[in-house]
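Asks: Predicted structure and sequence below. I'll ask about it afterward.
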Amino acid sequence: MSPLEVKALSLTEMRTHRSTKWRDFPADVLPLPVAEMDFPVAEPIRKVLIEMVEHSDLGYLGAIPEVGESFSQFAMARWGWNLDPNQVYMSTDVGVGVVELLRLFTQPGDRVLINSPIYHNFYTWIEETHVTKVDVPHLLESDGWKIDWPALEAAYKTGIKVHMVCNPHNPLGRVYSREELLKIAHLAKEHGVIVISDEIHAPLTYSDSNFIPFLSLGEVAEEIGVTVTAASKGWNIAGLKCAIIITQGQVMAKKLEKLPPAVHYRASLLGGFATAAAYSHGVEWLDAAIRTLDHNRYFLQELLAKKIPAVGYHVPDCSYLAWLDLSALNLGPNPTQTLLERGKVAFNAGQDFSPHTPQFVRLNFATSEEVLIEAVDRILKSI
Ligand SMILES: Cc1ncc(COP(=O)(O)O)c(C=O)c1O
């Protein structure tokens, strides 16, 4: 039997989709922002959703032990992480999970650390919970983006309540090494910092990189860390509204007892069972999707090298977001806007990830070769 192939749906079909990526722009714009894939949904997820709709099984959700059990089996098989499924809790989505954790751990005005450039909703979650942002930006070195350790330690010394870590990293596409994560865990313990690890992109790590779940690092990480993740990125089901919050240490589990029960009940029944189906029966699909994305990350590199070599691009370790440095193209103070106006091509704007990266755009390559060729041609046309 030939291996499963997961390929992008046609542009004509994608343009009928109702999600924000396909509704936010006029028909003459080619959209490549928003972290969702142009791929058809995995069969096991389609099956459970159809079954539930056909049986009018659309009520309120109660306990869904299948979610924790399926995630723990997936995490063991994928990353060798032996976790307690009883410490896996549901939430509406990763955003709601992080906001509720911030509400639990902080008082308004407390200091919360991020490392920019960073997924733009880290900023909105900080605003929503009225905490104070402390940014220790990544440093761009010859071999990629690095944590600024002296600045991080100095910031920890000033009194940080929570460090929000994004691993794998959006938009940089990096997975942090075991050494880096251990260093964060030990520093956090020393300075009384809680680490919230957003691991939503982890299932999409390429086979030449090694994703390390924060809570797999042992006792210190378990004591000070809590993970928020979901099947929504790996299996492209963000619209179903279900994420998971994970603790592994008793100290952290105790703290989470104070989370309002509604954090669980505000997830969706469809999302819960789709999530369990993804973790337990969706691995073949996931691996096929990763093969296509793996091809695309290098296809984009070749395309840029051939047509616009001045664009800076580090091939990501994970996921389908390319963080492109357009500084050399002289597209003005807001390249995203210029590209939209001149080239009719949409990306996420660099300044949404950091005030220091306005010359970057984030391109979503979970699409077809045709769309990528057209997108690069539209950038070229805009110069
Ligand atoms: C790092 C990261 N965290 C969270 C999210 C959003 O997750 P959710 O839709 O579950 O809130 C995204 C979406 O792109 C993301 O990239």
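Replies: Structure received.

Asks: Tell me the residues of the stretch 201-350 of the chain that contact the ligand?
Replies: Within the stretch 201-350 of the chain, the positions lying close to the ligand (CB under 6 Å from any ligand atom) are 230, 232, 238, 243. Heads up, the C-betas are built off the backbone N, CA and C, glycines and all.

Asks: how does it look with 8 Å?
Replies: Applying CB under 8 Å from any ligand atom, one finds that the stretch 201-350 of the chain approaches the ligand through 201, 228, 230, 232-233, 238, 241, 243, 319, 321.

Asks: Assign the residue lying closest to residue 316 once chain neighbours are set aside to helix, strand or coil.
Replies: Among residues not flanking residue 316 along the chain, residue 173 sits closest, at 2.4 Å (CB to CB, 6 or more residues apart in numbering). Classification of residue 173 by DSSP: H, G, I helix; E, B strand; the rest coil places it in coil.

Asks: Residue 173 touches residue 318, doesn't it?
Replies: Yes: Residue 173 is within contact range of residue 318, at 5.9 Å (criterion: CB atoms under 8 Å).

Asks: before we move on, back to that, in strands, which of the residues of the stretch 201-350 of the chain next to the ligand appear?
Replies: The strands, defined by DSSP state E, take in 228, 243, 321 from these.

Asks: Identify the spatial nearest neighbour of residue 165, chain neighbours not counted.
Replies: residue 197 (4.9 Å).

Asks: tally of neighbours for residue 306?
Replies: For residue 306, the count of nearby residues is 9 (other CB atoms under 10 Å).

Asks: Identify each buried residue in the longest helix along the chain, please.
Replies: As assigned by DSSP state H, the longest helix anywhere in the chain is helix 283-307. Within helix 283-307, the residues that count as buried by 16 or more other CB atoms under 10 Å are 283, 285-286, 288-294, 296-297, 300-301, 303-304.

Asks: and the helix or strand following it, which strands flank it?
Replies: Where DSSP states H and E defines the elements, the next helix or strand beyond helix 283-307 is strand 312-313. When pairing is defined by DSSP bridges, strand 312-313 lines up against strand 321-325 (antiparallel).

Asks: Measure how the strand it pairs with sits relative to helix 283-307, angle-wise.
Replies: 20 degrees (axes from the mean of the first three to the mean of the last three CA atoms, to 10 degrees).
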